[in-house]
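Novice: A predicted structure for the sequence below; I have some questions about it.
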Amino acid sequence: MKNLDLYLDNIERCDDIYRFKIHVRLARPYSEDLRLWYSIPFDQWEHCSCDLMDSFVLAALLKAMEDNATLKVHGPVSRSLLDNLEEYQLIFSLWFPGKYKQIEIIPDSEVEEKKVNNKVMLSFSGGVDGAFSALNHILRRGPIKRKLFDVNTILYVEGFDVNIDYDRECKNVAERNKRLFSGYHDLRFLNVRTNLKYLLSIKRFWTSHACVLASTASLFRKICGGCLVGSSHSYLHLAPWGSHPLTDRLLSSNSFEIHHDMVFTRIEKLEALFAWPEALDNLKVCWEGQYRYDTPPDTNCCACDKCVRTMLAFKALDHEIPSSFPGKLTVDKVRGLKNKPFDWSRMVFLTEILNTAKKNRREHDPLFVALEEIITEQRTDDC
């Protein structure tokens, strides 16, 4: 039986970059060791807690399941988190049987703590899902009226959308987030840089992104009782995915809960955001441009799949494309959507856009003629 040993190695004070760096080791006798780190600014360090290994268990879990290795944790873990991860593993092993196996988690000790308060942080990178959550739970101007959370903190994970090698661009996004919420003086802002996304493999990020958020957020259970994660897909289109209303809640302990926000379609979210023009002008959905088009990673490239999809959605809603997308939307860019492999998620989003265009009588626009051709061709290929 293989063992993956999880250690909190050390906490390093980096005076040259004004940050503390948490170093975690995933020791694998059967393969090379993996080195995980989290980098936290000096002025945020007082809010961080490393006395439990919960954050690092969430970081290592999918890698241990992928390796089919017992996860031996050298430190204390919340009993309630271990309880939840038993069910989480069962679901993921059924959803992705060729990728993840159920494994045993053995900590040095099991403990239990209470939540510090009922406040939550919002995971926010400036995209549609996070902006929609902010519209509801911070501005209180969205369609959610009753199931509202008390948000006191904005968390931006550097390395989630902007590559961790881009120091200035990561800082730009963090500062832009602060400006967007400048009128809300009670909000605290956290920006944590981590290599966890790359440790779990960027190519499989669609199965692991909730673990990245939960791991990073739970470092700050001294100031919040949980973290709110924007939903990905509507209830009409739920399928196995890394962030899901069924599984995100299972990344919780009694002292820190992960909340998957109420689910709406992407079109419904964009339409609701018309009430918050500042968010639209600061919207950032792009992550691929920095790799494929060599565009600055703190901007929208207006050429990648996600950018073109979002720009098309604004057109389908008969709304002006906001200034956060400075490039022109062309038929050639729409036709380029067929060059990326299709999965159910892409098909859902593109079909939703086309149906919205038809509803608003824009189906004869060359942009949507091209989109319908792509969708029809793809459905024919799938038959």
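Specialist: Yep, that arrived.
Novice: which parts of the stretch 1-150 of the chain are helices?
Specialist: With helices called from DSSP state H, counting those that start in this stretch, the stretch 1-150 of the chain shows them at 54-67, 79-95, 128-137.
Novice: which strands and helices sit next to the last one?
Specialist: Translated: helix 128-137. strand 120-123, helix 266-272, helix 277-281 (3 or more C-beta pairs under 8 Å, 6 or more residues apart in numbering; DSSP states H and E). Backbone N, C-alpha and C define where each C-beta goes, glycine included.
Novice: just give the nearest non-adjacent residue to A214, would you?
Specialist: Counting by C-beta to C-beta, 6 or more residues apart in numbering, A214 lies nearest to L251, which is 4.0 Å off, once chain neighbours are set aside.
Novice: oh, that last question was meant for W206, not what I typed.
Specialist: G242 (5.4 Å).
Novice: N360 now?
Specialist: Nearest to N360 is D318, by C-beta to C-beta, 6+ apart, at 5.0 Å.
Novice: which SS class is that neighbour?
Specialist: coil (DSSP: H, G, I helix; E, B strand; the rest coil).
Novice: that one and T310, how far apart?
Specialist: Here the distance between D318 and T310 works out to 15 Å (C-beta to C-beta, to the nearest Å).
Novice: what about those two, which has more around it?
Specialist: Neighbours per residue (other C-beta atoms under 10 Å) separate D318 from T310, with T310 holding more: 27 against 12.
Novice: who touches the residue most central in space within the chain in this structure?
Specialist: The residue lying closest to the centre of the chain (C-alpha atoms, centre = their mean) is H209, at 5.2 Å. Residues near H209 by C-beta atoms under 8 Å, 6 or more residues apart in numbering: 160, 197, 242-243.
Novice: and which of these is nearest to R35?
Specialist: Closest approach to R35 among those (C-beta to C-beta): K197, at 14.0 Å.
Novice: and the strand or helix carrying the closest one, what does it pack onto?
Specialist: Using DSSP states H and E, the element containing K197 is helix 196-199. Packed against helix 196-199 by the contact rule (3+ C-beta pairs under 8 Å, 6+ apart) you find strand 34-41, helix 54-67, helix 205-217.
Novice: mind putting those into TSV with mean pLDDT?
Specialist: What follows is the helices and strands packed on helix 196-199, written out as TSV (pLDDT from 0 to 100):
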stretch	mean pLDDT
strand 34-41	97
helix 54-67	96
helix 205-217	91
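Novice: hey, which of the ones you listed is tucked in deepest?
Specialist: helix 54-67 (a mean of 25; mean count of other C-beta atoms under 10 Å).
Novice: next, the angle helix 79-95 makes with that helix.
Specialist: 30 degrees (axes from the mean of the first three to the mean of the last three C-alpha atoms, to 10 degrees).
Novice: just the C-alphas of helix 54-67, formatted as PDB.
Specialist: Extracted C-alpha coordinates of helix 54-67, given in PDB (Å, rounded to 0.1, in the frame of the first residue of the first chain):
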ATOM      1  CA  ASP A  54      -7.300  21.100   7.400                       C
ATOM      2  CA  SER A  55      -6.200  23.500   4.600                       C
ATOM      3  CA  PHE A  56      -3.300  21.200   3.600                       C
ATOM      4  CA  VAL A  57      -5.500  18.100   3.700                       C
ATOM      5  CA  LEU A  58      -7.900  19.800   1.200                       C
ATOM      6  CA  ALA A  59      -4.900  20.600  -0.900                       C
ATOM      7  CA  ALA A  60      -3.500  17.100  -0.900                       C
ATOM      8  CA  LEU A  61      -6.700  15.100  -1.100                       C
ATOM      9  CA  LEU A  62      -7.200  14.800  -4.900                       C
ATOM     10  CA  LYS A  63      -3.500  14.100  -5.400                       C
ATOM     11  CA  ALA A  64      -3.600  11.200  -2.900                       C
ATOM     12  CA  MET A  65      -6.800   9.900  -4.600                       C
ATOM     13  CA  GLU A  66      -5.200  10.200  -8.000                       C
ATOM     14  CA  ASP A  67      -2.200   8.200  -6.700                       C
END
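Novice: hey, what's the angle from that helix to helix 205-217? Just curious.
Specialist: Using the same axes, to 10 degrees: helix 54-67 against helix 205-217 is 160 degrees.
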